[in-house]
Every structure is written in structure tokens, then in C-alpha cells.
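[1] Give the three-dimensional model of this entry:
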Amino acid sequence: MTEENKIAQVIELLVNLLGRERVVSDHASMVIYSREIFMPGSIGLSQGKIQNLASAVCYPETVDEVSKIISRARANRIPVIVFGAGSGVLVGTAPSHNGIIIDLKRMKKIRAINRTNHTVEVESGVMCEDLERALNQEGFTLGHFPGSFYHSTVGAWLSTSSAGQLSAKYGRIKDMVISLEGTLADGSIFRTRRTPRSATGPDIDQILLGSDATLAIITSAVLNIFPLPEKKIYRGFGFADVKSGLDAMRELMQKELTPAVLTLFDPAGTKFNQEKLSGPSSGCLLVVGYEAANSELSELRARLGFERLKQMGGTDLGEEPGLKWLEHRYSLPFNQSKAVSQSDTLVDTIEVSVIWKDAFALYEKVVNEISKFGMAMAHFSHACREGVYIYFSFAVSDSDPEKLKEKQQKVWESTMESCLTIGASVSNYPGISLRRAQWLKQELGVGHELLQKLKKEIDPDNILNPGKLELSQEGAPARPSKMEKKE
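    Numbers count the residues shown, from 1 in each chain. From the prediction side, this is the model:
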């Protein structure tokens, strides 16, 4: 049986399972689902090119339906790719081969909010904003606010091990997970035990988190939730330079004065955002925010934290920069979309993590390297006791689309090599997917070999999101794109 005949047979099986309205295979839909949302994929799209097109998209509503879809795909060795809201920028859902895309957005139930345990059971297709609003109505918050807050799903956070803007207080998504439900590559359904902590061997939940749906498809999760804060206190501080700002951040994190928000903009970032955030005219802006369910605790921590920042050389800029940061904190993706629409300019971001000792050295090295190809700025956030995340933003320009992509690739290569050389991590969020996969082996070392063996054991036919995480390339063969622009 030819590849096309196998795919047609599987599509018919899916139609019988889900109904005609929940399976689509028209060309326009395949382009929409298979494209890269961000550059350099948008350049190829403007030229009428997509490397690989999916064969069909289906919309299950239950974990049992997901299980049956995977079973049918595996029987025919057809790849399966999971799709959330489509806001990823690391080529996590673009097909590496042909295959079937499972859009989980119809799995959108918030199954239960447990007031005793402070947990929520939620399906993977629920949008971030919808979950937070539902929790707020019950007096809770998830505390997870990624930059993609308005256009990402629970399943996407779990698959990429995402971090939110208030992770200093609430933790990353992996810190919130109590248990997972999902399906393996053979179609079997699993549910991990709902216990707060255990010492029963390797943590299966943590193995699956951040795996880009290459090891399993997560269909729901039980997550920690928190009482809504009674009081939020936000402030801006000016620091002379990046180094003094980083020292102040580290001081708060290591002296038990941990805020909810702690974000330092470098001089270029401070200048770029000066009007929008009412930051200092020179130097660096540090945004600090405290919040807690106990208003007295918020006030105490804020007072002690702000006093310490002034002792560290910070200039108190009042609450306006902090409140403006809250107002504009999700604007970056929408502002970047304006640049993406310009054919001669490519805007991108690279997020990495590093211990405090090496943070300034890595920042200087990466910014200097990026400056050889274009303009760069950075901010530091998601701080913890041992280190901090650096979020580099850069822009390169060229009238030649191929040279534009070459410049972007050189920026990525130099940044990743700088991280690996200094001992930093090539990713803090949002995961690895395809964009960072080529550097994953170097960072994980023998850990990647273990992942490869696990992948081959539980997904021997390599049907789950093949090509991602630099895992086994065996499985269904790639096919040429259906989409070529006609002159």
C-alpha cells in the first residue's frame, strides 16, 4: 500500500470515529496548521513554501478518542503531532514528516476545583486566560503567566515546561504539577497518582514534562492553585548598570525577600521601553512586585525588599514603572508581529538560564556577538536562589531573504555556543522543539542517550512528533511539500 493510500485509509477511519465535522484535510487548513508562526518560517510562507504539510487535522473531545486516534495512526505508521493554540516559536508543532495533527482545543473542561487540596483538574485544551478567569471567580489563581497568556493552552505549557512571569513566587509549570493523564504511543491511557510528594523511583510526570509530546500526549493535569493575593505592591528602581542590578536581584532572592516579579532591563531595553514604562533616562530599570494572600505579609516583604534595594544603590522610581509593566507585560508578541510583517527585518528572541556567577559574563558575550549581525537588548527575569534567566531580543535586516535567515541562524549558533561554553542552559522556556534540538545533545550528554533509549522503547515506530528534541529520526518517511507557490 502506498503512503498516500495509507493516509487516506487512516483519514477515513478518523471520520468514522469522530464524524466528518471533526476531521479536516483541505489544503488551506493544512497550510494553517503546518506553518511556522514565527521567523524564519514566515519568510518561507511569504515565498509560498512550507517544508512539510500535515495530511489531516482532527479534533478529539475525550482521552478515549485520543487513544483511538493514536492506535489507528500507529497501526499504519503515520506520525502524530499535537496542537494547542499554535503560538509556539520553536517549530514544536510543524510536521517534520507528513502526518496527522491532533488539535486538543475541544478538550477544554475544567473538571474540578478542589478547595481543600488547593488543586485544579484541567484538560489540555483549556486556554490560559480561560483557566485563570475561572479560578479567579472561585478566589484562586494558578500563578502562571507566560508571555503567551492570551494564546496558549495548558497542554502547551506541560509539553514545553513553560515558565510564567511570576515564577519567582509561584514556580514554573513543572512545580505545579500533581499528576498527569495521557496516552502513550501504543494508545494505552495512563494516569499518574495524585500525591503531593513521593519517593517511589523516578518521577514519571517530570520525565514527560518538557518532552514536546515525543514520549506521550498529555490530555489533562492536576495542578496546584493559590489563593488570590489580597494586595499587590509594584515598584520600579533605577540602577547604574547591569552588574549592579544583577547583584541587587541576587540579594533579594538569597536573603528570603523573594518577590513575585523581579525583572531587570539592560540599558538598551530600558531605553527602548522608557516611554512605555516610565523608566530611568539612563542605566537599567528593575521592576519589583510583591503580592500575597496576606496583605500584611505583602507589605512587610515589600518594605524590607525596597529598603534593601536602596541600600544596594537602587533609586526608587515609585510605583508607576511597576504598574505600567503590569499593563504592558503581554504586548511584546503583538509588537513583534509588526516587525514580522516587514520583509527585510527579522525579529527573534532567545531565552537561556545561567547561575549568578556567570550571568553578567554570558550577557556581555552574547550581546557583543549579536551586535555583529544586528541590534540586541536583554532583560533578566524568573530569578531563583541559584541563578537567573536571560531573555535576549534581537533584530537583523537584509533585503535578501536568504541572507536574512543566515544572519538569524548565526545569532542562534553563537548564542547557543556561548551558553554551552560557559556552562549555561540553552533554554529556560519555551522548551526545545526543533529550533534548539541540535544543541540538546551537547547540554544533556548521557542524558540524551537515555532519552533516546526511552523513546525507542515506548515509541518504537517514532510516530509521536518525530524529529523533535533530536530524538530518533526513524519512522514514517518525509514527503515533499504540497505547497509550492505558482508563478
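[2] give me the number of residues near I355?
    Per other Cβ atoms under 10 Å, the neighbour tally for I355 reads 15. The way it works is simple: take the backbone N, C-alpha and C, and place the C-beta from them, glycine included.
[3] and the nearest residue to it once chain neighbours are set aside, how far is that from S67?
    Leaving aside its sequence neighbours, I355 sits nearest to G387 (Cβ to Cβ, 6 or more residues apart in numbering; 4.2 Å). Note on G387: its distance to S67, by Cβ to Cβ, to the nearest Å, is 40 Å.
[4] what's the answer for K174, then?
    Distance of K174 to S67, computed by Cβ to Cβ: 25 Å.
[5] the more surrounded of those two?
    Counted by other Cβ under 10 Å, K174 and S67 do not tie: S67 has more neighbours, with 20 against 16.
[6] Surely the more buried one forms part of a helix?
    Yes. Assigned with DSSP: H, G, I helix; E, B strand; the rest coil, S67 falls within a helix.
[7] ok, it touching G187?
    Yes. S67 is within contact range of G187, at 4.7 Å (criterion: Cβ atoms under 8 Å).
[8] model confidence over stretch 241-251, on average?
    For stretch 241-251, mean pLDDT rounds to 98.
[9] Kindly indicate whether E21 is helix, strand or coil.
    At E21 the chain is in helix, as set by three-state DSSP.
[10] Give me the spatial nearest neighbour of T345, chain neighbours excluded.
    What sits nearest to T345 in space, not counting adjacent residues and going by Cβ to Cβ, 6+ apart, is S397, at 4.9 Å.
[11] brain fart, R72
    Distance criterion Cβ to Cβ, 6+ apart; nearest residue to R72, sequence neighbours excluded, is L13 at 4.9 Å.
[12] tell me the SS of S393?
    Secondary structure for S393, judged by three-state DSSP, is strand.
[13] where does it land on pLDDT?
    Note for S393: predicted pLDDT of 91.
[14] ok, how many other residues are close to the residue nearest to I355?
    G387 has 20 nearby residues by other Cβ under 10 Å.
[15] contacting residues around it?
    With contact set as Cβ atoms under 8 Å, 6 or more residues apart in numbering, G387 has these partners: S353, V354, I355, W356, A359.
[16] go with 6 Å
    G387 sits next to V354, I355, W356 when contact means Cβ atoms under 6 Å, 6 or more residues apart in numbering.
[17] Show me what the helix or strand where R72 lies is in contact with.
    R72 is part of helix 63-75 when elements are defined by DSSP states H and E. With contacts defined as Cβ under 6 Å, 6+ apart, helix 63-75 is touched by 10, 13, 17, 60, 80, 100, 183, 187, 189, 217, 219, 461, 463.
[18] repeat that with 7 Å
    With contacts defined as Cβ atoms under 7 Å, 6 or more residues apart in numbering, helix 63-75 is touched by 10, 13-14, 17-18, 58, 60, 80, 100, 102, 181, 183, 185-187, 189, 217, 219, 461, 463.
[19] Buried ones among those?
    When those are checked for burial by 16 or more other Cβ atoms under 10 Å, the buried set is 10, 13-14, 18, 58, 60, 80, 100, 102, 181, 183, 185, 187, 217, 219, 461, 463.
[20] now A376, what's its secondary structure?
    strand.
[21] so who does the closest residue in space to it that isn't next to it in sequence touch?
    Spatially, and ignoring its direct neighbours in sequence, A376 is nearest to I370 (3.8 Å; Cβ to Cβ, 6+ apart). Residues counted as contacts of I370 (Cβ under 7 Å, 6+ apart) are A376, F392, F394, V411.
[22] T195 now?
    Contact partners of T195, counting by Cβ under 7 Å, 6+ apart, are absent.
[23] I'd like to know how far it sits from D203.
    Relative to D203, T195 is positioned 11 Å away (Cβ to Cβ).
[24] quick check: domain ranges of the protein?
    3-105, 110-227, 231-328, 332-442 (automatic domain parsing).
[25] Export the ones you listed as a markdown table, with columns for distance to L471.
    Below are the domains of the chain laid out as a markdown table (distance: least, Cβ to Cβ, whole Å):
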| stretch | distance to L471 |
| --- | --- |
| domain 3-105 | 11 |
| domain 110-227 | 6 |
| domain 231-328 | 34 |
| domain 332-442 | 8 |
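[26] Kindly report which one of these carries the lowest mean pLDDT.
    domain 3-105 - the lowest mean pLDDT of these, at a mean of 82.
[27] What helix or strand is Q452 located in?
    According to DSSP H and E, Q452 maps onto helix 446-458.
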